[in-house]
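K.L.:
Sequence and predicted structure are below.
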Amino acid sequence: MSEEISIKEEIVKYLDAEPFTPFSVVMVSGDRYEVSDPHQVAVGQSVIIILPRSQAHQLLRQSQISSIEVHAPA
């Protein structure tokens, strides 16, 4: 029996990690959203909100997230 992976749980796990490691949220469309600080993300029931420093906020449907890519520590 395979284990179902919840995107929401994965994102929360990376946001709460100590030390925090930046990651990217990759959408089914191929769009990528960089998360460089855990305080720039809000996790809802079915959406993720990313608040980049230099752009307007992004509202992402969890069902449209393809993967999470964790960046290598500097």
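P.N.:
Right, received. Where do you want to start?

K.L.:
Report the contact partners of the residue nearest the centre of the chain.
P.N.:
Closest residue to the average C-alpha location of the chain: residue 25 at 4.4 Å, with C-alpha atoms, centre = their mean. Residues near residue 25 by C-beta atoms under 8 Å, 6 or more residues apart in numbering: 11, 32, 33, 35, 48, 50, 60, 65, 68. Every C-beta, even on glycine, is put in place using the N, C-alpha and C of the backbone.

K.L.:
Now for those residues, which sits with the most neighbours around it?
P.N.:
Taking other C-beta atoms under 10 Å as the neighbour criterion, residue 35 ranks highest of the contacts of residue 25 with 24 neighbours.

K.L.:
hey, what's it bridged with?
P.N.:
Per DSSP bridges, the residues bridged to residue 35 are residue 23.

K.L.:
ok, now how distant is it from residue 4?
P.N.:
23 Å (C-beta to C-beta, to the nearest Å).

K.L.:
One more: residue 20?
P.N.:
Residue 20 is 26 Å from residue 4, by C-beta to C-beta.

K.L.:
And the two? Which one has more around it.
P.N.:
More crowded of residue 20 and residue 4, by other C-beta under 10 Å: residue 20, with 14 against 6.

K.L.:
Look up how far residue 9 lies from the more buried one.
P.N.:
Residue 20 is 17 Å from residue 9, by C-beta to C-beta.

K.L.:
before we move on, back to that, measure the residue nearest to the centre of the chain to residue 15 for me?
P.N.:
For residue 25, the distance to residue 15 (C-beta to C-beta) stands at 11 Å.

K.L.:
Need the residues touching each of the two.
P.N.:
residue 35.

K.L.:
Would you mind giving the contacts of residue 25 as CSV with secondary structure, pLDDT and distance to residue 42 added?
P.N.:
Converted to CSV, the contacts of residue 25 look like this (DSSP: H, G, I helix; E, B strand; the rest coil; pLDDT from 0 to 100; distance: C-beta to C-beta, whole Å):
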residue, secondary structure, pLDDT, distance to residue 42
11, helix, 95, 10
32, strand, 94, 19
33, strand, 92, 13
35, strand, 95, 11
48, strand, 95, 7
50, strand, 94, 8
60, strand, 95, 11
65, strand, 96, 15
68, strand, 95, 16
